[in-house]
Structure formats: C-alpha cells, structure tokens
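K.L.:
Give me the fold of what follows.
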Amino acid sequence: MFQVWVTFDEQKWVILRERRGHLWDGKFTAKFQMPYDAQVGDVVAMTVTVTDIQRDTNGQPFVSRFTIKGSSEAEDGPPSPPGRRPPGAKRNDNGKHSSPQLATPDIREVRREKWTDPQFQFDEYSAVKIINAGEDGGYIFFVNMDNRFLINELHKAKDEEGSLVRHWFKYGVVLSALGILKEMQRVEEEGTVADDEEPAQVDLNGIGRFCAGLARVVVPIIRALHKGPAMPQSVGAAS
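P.N.:
Next comes the predicted model:
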C-alpha cells in the first residue's frame with residue numbers, strides 16, 4: 001500500500017489512497033479541484049508527495065509541485081458529431097467539460113441590523129425570505145446570516161471552519177427552499193384549474209416558515225455527511 005499526500009498553502013489538504021484513486025500500470029491518477037470559496041483567477045500552489053514503505057525507510061519520497069488556477073465554468077457547446085473522433089483530434093476546452101447544470105440561485109445575505117426592514121421582518125429563528133425576481137422570472141433568496149442555529153454552530157466550530165459553516169448554512173437552506181418550491185409548483189401544475197380561473201400562487205412565506213425549521217438541522221446534517229457514512233446517527237443530537 002502506498003500513500004499520496006497533497007498539501008496547499010502549507011497545510012495538508014487531502015490524503016488519497018490506492019482505493020480512492022486510479023492506479024493502473026504504475027500510474028496513479030487523481031483529480032483536483034479548487035477550494036469551494038476560490039474565485040476566478042486565484043492560483044493555489046500544490047505539493048504532491050508519493051511514498052511507500054521502502055521510501056519511508058529511506059526518507060526519499062517522490063515530491064511534485066505545481067499550481068492550479070481558477071477559471072470560469074465551461075459553457076455548453078455544440079454536441080460532438082456522431083462516430084469516432086478522428087485520430088490525433090484533441091479536446092480544446094482548457095481541461096474542462098460541460099454538463100447540464102441548474103442555474104445558480106440569486107442569494108443575498110441579510111444581517112441582524114436589517115431584521116426590522118418591512119421587506120424581511122426577521123427574528124432569530126428566521127432562515128430565508130423568498131420574493132419574485134420580477135419580469136426576469138425566478139426568485140431571490142434573502143438568507144438570515146445571523147440565524148440563532150447558525151450562530152450556535154459557529155460557536156462550536158473551529159475558527160478556520162467559520163466560512164465553511166456559513167457556506168453550508170446558506171446553500172443548505174436555499175437548496176431546501178428551492179426543492180420545496182419546485183415540488184409545490186409541480187403539485188399545483190398537475191391540479192385541475194377551470195378555464196376562467198388563474199392558478200394559485202405558491203405560498204413563498206409558507207416555504208420560509210418551513211425553512212426556519214430546517215435551519216435547526218441543516219448544518220449538523222451536512223457536517224455528518226461530510227464526515228462520511230459512519231456519522232449520520234450523530235445528527236439527531238443537534239435537535
């Protein structure tokens with residue numbers, strides 16, 4: 001068994017083992033991606049160290065250093081023509097590939113000093129306020145970033161985990177709200193509406209109230225899933 005140690009910014013990032021990568025004919029293949037909060041143009045210095053028992057004894061592992069640079073996601077291009085690719089033809093997508101993706105929701109953070117704004121009317125238990133985006137369609141999600149349960153999770157987290165916990169909370173709440181919203185739309189679209197009636201509007205305030213309950217558990221659930229399949233039984237303790 002060999003080990004691969006990957007570090008960036010002088011800190012250990014991830015440990016890859018044989019069963020987590022792809023080893024074939026003496027070559028170990030692994031994929032790397034930028035940190036979740038990286039911006040386009042960010043450059044991250046990487047160090048990959050490969051070792052085994054023999055090299056541990058001799059103290060001479062293989063070390064490789066390189067950098068990865070953040071770039072924008074690839075846009076969907078025209079489909080490839082049918083049949084095999086001509087010999088020598090190479091992809092020209094800067095190392096990226098396109099796949100169908102959902103549009104990123106419009107998320108805006110709300111802090112405590114804005115709670116009393118008539119548009120929000122938040123309290124410490126509020127999680128999200130959803131409004132129609134207007135003529136452009138879609139929705140805007142205003143997330144309460146001083147939610148009581150988020151603050152509790154931040155108190156329990158290490159200092160360096162703060163931005164990650166906020167990220168979990170914000171996107172966990174919004175994606176939950178988006179899932180409820182889409183399901184309510186589906187149910188209403190399948191309902192019978194008379195010709196002279198307009199379809200009922202989705203209760204956006206009701207979805208916000210549902211998400212206030214989800215805010216209690218969203219970070220513990222994501223944390224447990226992040227740790228692996230052996231951890232979900234610990235989520236119940238957070239409620």
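K.L.:
how about Val48, secondary structure?
P.N.:
Following DSSP: H, G, I helix; E, B strand; the rest coil, Val48 is assigned to strand.
K.L.:
now the helices for this protein?
P.N.:
With DSSP state H as the criterion, the chain has helices at 53-58, 148-156, 162-190, 204-214, 218-227.
K.L.:
buried sites along the last one?
P.N.:
Going by neighbour count (16 or more other C-beta atoms under 10 Å), the buried part of helix 218-227 is Val218, Val219, Pro220, Ile222, Arg223, Ala224. Every C-beta, even on glycine, is put in place using the N, C-alpha and C of the backbone.
K.L.:
Could you do stretch 181-190 as well?
P.N.:
Leu181, Met184.
K.L.:
one step back: now the buried residues of helix 218-227 as JSON lines including distance to Ser163 and pLDDT?
P.N.:
Output for the buried residues of helix 218-227, formatted as JSON lines (distance: C-beta to C-beta, whole Å; pLDDT from 0 to 100):
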{"residue": "Val218", "distance to Ser163": "16", "pLDDT": "95"}
{"residue": "Val219", "distance to Ser163": "13", "pLDDT": "95"}
{"residue": "Pro220", "distance to Ser163": "18", "pLDDT": "94"}
{"residue": "Ile222", "distance to Ser163": "14", "pLDDT": "93"}
{"residue": "Arg223", "distance to Ser163": "14", "pLDDT": "90"}
{"residue": "Ala224", "distance to Ser163": "19", "pLDDT": "90"}
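K.L.:
how long is stretch 119-126 from one end to the other?
P.N.:
Distance between the two ends of stretch 119-126: 13 Å, counting by C-alpha to C-alpha, to the nearest Å.
K.L.:
doesn't Gly70 make contact with Gly41?
P.N.:
Yes: if you go by C-beta atoms under 8 Å, Gly41 and Gly70 touch, sitting 6.0 Å apart.
K.L.:
which of these two has more neighbours?
P.N.:
Between Gly41 and Gly70, counted using other C-beta atoms under 10 Å, the more crowded position is Gly70 (14 against 9).
K.L.:
Over to the more buried one: give its phi and psi.
P.N.:
Backbone torsions for Gly70, taken as degrees, to the nearest 10, come to phi -70, psi 130.
K.L.:
ok, it to Asn132 distance?
P.N.:
Plainly put, Gly70 is 33 Å away from Asn132 if you go by C-beta to C-beta, to the nearest Å.
K.L.:
quick revisit: mind putting the helices of the chain into JSON lines with distance to Val128?
P.N.:
What follows is the helices of the chain, written out as JSON lines (distance: least, C-beta to C-beta, whole Å):
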{"stretch": "helix 53-58", "distance to Val128": "50"}
{"stretch": "helix 148-156", "distance to Val128": "12"}
{"stretch": "helix 162-190", "distance to Val128": "5"}
{"stretch": "helix 204-214", "distance to Val128": "5"}
{"stretch": "helix 218-227", "distance to Val128": "11"}
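K.L.:
Nearest to Phe120 among those helices would be which one?
P.N.:
Each of these has some distance to Phe120 by C-beta to C-beta; the shortest is helix 204-214, at 9.9 Å.
K.L.:
Can you tell me the closest non-neighbouring residue to Ala216?
P.N.:
Ala isn't right for residue 216; it's Arg. Of all residues not flanking Arg216 in the chain, Phe149 sits nearest, at 5.1 Å (C-beta to C-beta, 6 or more residues apart in numbering).
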